[in-house]
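>>> I would like to see how this sequence folds:
(chains A and B)
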Amino acid sequence: MKKRSSGERLSQSIIVIFMLLLCLSVLYPFAYMLAISLNEGTDAAKGGVYLWPRAFTLINYEIVLGNEVIQRAYLITIARTVLGTIAGLLITLMVAFGLSYQRVPFRKSILSYILITMLFNGGLVPLYIQLYNLGLINNFLVYIIPGMFSVWNMFVMLKFIQGIPEALIESAELDGAGPFRILIQIIAPLSKPMLAAIGLFIAVGHWNDWFAGAFYVTKQDLIPVQTFLQQLLSAQDMSAILGSNSNQEALARGSQMKNVTLMSVKMATVMVSAIPILCVYPFLQKYFVKGVLIGSVKG
Amino acid sequence: MMASLYKYRWQYVMIFPAILLLFLFNYVPMAGIQIAFRDFQIGSSIWDSAWVGWQNFSFLQEPQFWTVVKNTLFISVLKFVFGFPAPIILALMINELVHAGFKRFVQSVSYLPHFFSWIVVAYILQSFLTLDGGLANDLITRMGGEPIFFLGSESWFRPMIVSSGLWKEVGWNTILYLAAISAIDPQLYEAATVEGAGKRAQIRHVTLPGIMPTVSIVLILSIPSLIAVGMDQIYPLMNPANMQVADVLDTYVLRSGLQQGYFGMATAIGLLSSVISLVLVVVTNQISRKLNGEGLW
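This next block holds a predicted model:
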């Protein structure tokens, strides 16, 4: 290691301090919201709860997790994330593999047909009307079907498949394997890292989407967690959370209810929606980075 | 030809879902653009609705529409001015970090917000900025100041959007630049050191030129999306108090179209912005062809 000049050491420490501040700005909000959500609401509203709960309670979480609307929203979110990710991956892999055959007749035309949709679209209203005509409004399938095929993901996958040595496919063909067999037995296993990366992007997209639930669905029992949060964001009183549920009475009977504020319950709700991502993130990080890097390579 | 089609029949089976889905959810809605020129009500057929010509474009004469256009441009330009250079600067700084473990830690933490929805970001803002017990006002009042209603204020809306956007995406956007930096030949740095170049000179003469191709690609790719400022980000933070500066094209279409039922007008506005972004894409592509010798297509 070469000796560093004092000037370099100074700039190094400035950068380190700046980076620490950056990390703090990311991590602190979650610590703060966690502290508020674990504090008695009326006490937190007095201010001064910055890092640790002052009057510790689990009542906010009891309200959130005991709420039937939220439980239902969770089920919807989990169902759409699982189904949507599986369906999306299946179609992405299949289409990309089909298009990886250079000699498919009309391949160029099909690619242009796909590319045009990246340049121009009908906009929100015609899409809404089409969803309406197809009976997808107020239908769980609106979360799955319209977004099942992503041109971007397909191109990333195509790029990856084109990097697989052709000799592998040719030798399988000589052994008499058809394209579907090659896809399942050769391409899919070799594409695991890419499938993991794309699958994670799709899954995060489903987990975080609030738009479809807010505008394509009016039935309250079909909305996902993020849409529930979006509705709750501007709520002015507790009935937004407790209105439709039986634990209102139960809580009112308990004396703790008076210590609960809208803010503390909101913070508990948002923590409940964010914690799954916070938990899986450290394990999945490397796939995310791999995904964005392969995706960025110009095709 | 027939033989070749038959030979590749299974490939067609694989490609078919994409063709069908794009047809249903992209091409049919493209045909639906004619709603912009018709008097359409939901439940009736597009083809039977009366043709009204340019009548739906009367929004062009409304001052409210031009406020929306101004807001859209204002926010997109601000987001671009701050959002474009920030990840480059951050990448250069991360690259300077000597301690490998700390470097990895900073990277991991800085990408994290990318994986939360804008709704969660809106809650973070609310928890910090709200009037009753929010951290910011808590501190302001402790220091003897007057509490500020950040969330319902016209003057705080744009700074709030720009800074939260920066916070959420800056780390994520460094990934490409860091990859580009790591691809630079280390011999160039050695040569520069031999010639007596200090850290700053190395950044200027080796690192920056090394990542220039990446910078220009990101620049080109970001231009077409300029007018599509994140409705995902803005809608959750919009309220009657900040509406006058918060309403952008996307949210305007959403409200007038889906919420108030002016389908013709909302489609017309959507059409206008689609055409503008198409023009931006084509122009950008031409420029990129001239400068780099190759375009995006």
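>>> residue 127: what's it in contact with?
Unless you meant another one, I'm taking chain A. For residue A:127, the contacting residues are A:121, A:146, B:25, B:29, B:32, by C-beta atoms under 8 Å, 6 or more residues apart in numbering or on different chains. C-beta coordinates here come from the backbone N, C-alpha and C atoms, glycine included.
>>> the chain in question should be chain B.
A:29, A:32, A:33, A:36, A:263, A:266, A:267, B:134, B:135.
>>> tell me which element residue 275 falls in.
I'll assume chain A. helix A:262-296 (DSSP states H and E).
>>> chain B was what I was after
helix B:263-292.
>>> what are the buried residues along that helix?
Neighbour-count burial for helix B:263-292 flags B:263-274, B:277, B:281, B:284-285, B:288 (criterion: 16 or more other C-beta atoms under 10 Å in any protein chain shown).
>>> next: stretch A:135-148.
Buried residues in stretch A:135-148, counted by 16+ other C-beta under 10 Å: A:136, A:137, A:139, A:142, A:143, A:144, A:145, A:146, A:147, A:148.
>>> what's the answer for stretch B:145-155, then?
Buried-residue list, stretch B:145-155, by 16+ other C-beta under 10 Å: B:148, B:150, B:151, B:152.
>>> state the mean pLDDT of it.
Stretch B:145-155 carries an average pLDDT of 89.
>>> residues making contact with that stretch?
B:125-126, B:129-131, B:136-137, B:140-141, B:156, B:160, B:237, B:239, B:241-242, B:244-245.
>>> now stretch A:181-197
A:89, A:93-94, A:97, A:156-157, A:160-161, A:164, A:168-169, A:172-173, A:177, A:287-288, A:290-291, A:294, B:14.
>>> and that stretch, end to end?
23 Å (C-alpha to C-alpha, to the nearest Å).
>>> what of stretch A:99-111?
With C-alpha to C-alpha as the measure, the ends of stretch A:99-111 fall 8 Å from one another.
>>> okay, buried residues for it please.
So for stretch A:99-111, counting by 16+ other C-beta under 10 Å, buried means A:99, A:100, A:104, A:107, A:110.
>>> likewise stretch B:161-172?
Buried residues in stretch B:161-172, counted by 16+ other C-beta under 10 Å: B:161, B:162, B:164, B:165, B:166, B:167, B:168, B:169, B:170, B:171, B:172.
>>> now that stretch: how far from the chain's centre is it?
Distance of stretch B:161-172 from its chain centroid, counting by C-alpha atoms, centre = their mean, to the nearest Å, is 11 Å.
>>> same check, this time on stretch A:150-163
20 Å.
>>> average pLDDT across that stretch?
Mean predicted confidence for stretch A:150-163 is 91.
>>> quick one: contacts of that stretch?
With C-beta under 8 Å, 6+ apart as the criterion, stretch A:150-163 contacts A:88, A:92-93, A:95-97, A:99-100, A:114-115, A:117-118, A:187, A:191, A:194, A:198, A:201-202, A:291, A:294-295, A:297, A:299, B:18, B:22.
>>> can you say which of those are buried?
Neighbour counting by 16+ other C-beta under 10 Å classes A:88, A:92-93, A:95-97, A:99-100, A:114, A:117, A:187, A:191, A:194, A:198, A:201-202, A:291, A:294-295, B:18, B:22 among these as buried.
>>> give me the subset of these that lies in helices.
Using DSSP state H, the subset of the buried ones among the contacts of stretch A:150-163 located in helices is A:88, A:92-93, A:95-97, A:99-100, A:114, A:117, A:194, A:198, A:201-202, A:291, A:294-295, B:18, B:22.
>>> next, give phi and psi for whatever residue of the stretch 151-299 of chain A ends up closest to chain B.
Nearest residue of the stretch 151-299 of chain A to chain B: residue A:208, at 3.6 Å (C-beta to the nearest C-beta). Dihedral angles phi and psi of residue A:208 (degrees, to the nearest 10) take the values phi -90, psi -10.
>>> I'd like the distance between it and residue A:227.
Plainly put, residue A:208 is 11 Å away from residue A:227 if you go by C-beta to C-beta, to the nearest Å.
>>> circling back: show me which of the contacts of stretch A:181-197 are buried.
For these, buried by 16+ other C-beta under 10 Å: A:89, A:93-94, A:97, A:156-157, A:160-161, A:169, A:172, A:177, A:287-288, A:291, A:294, B:14.
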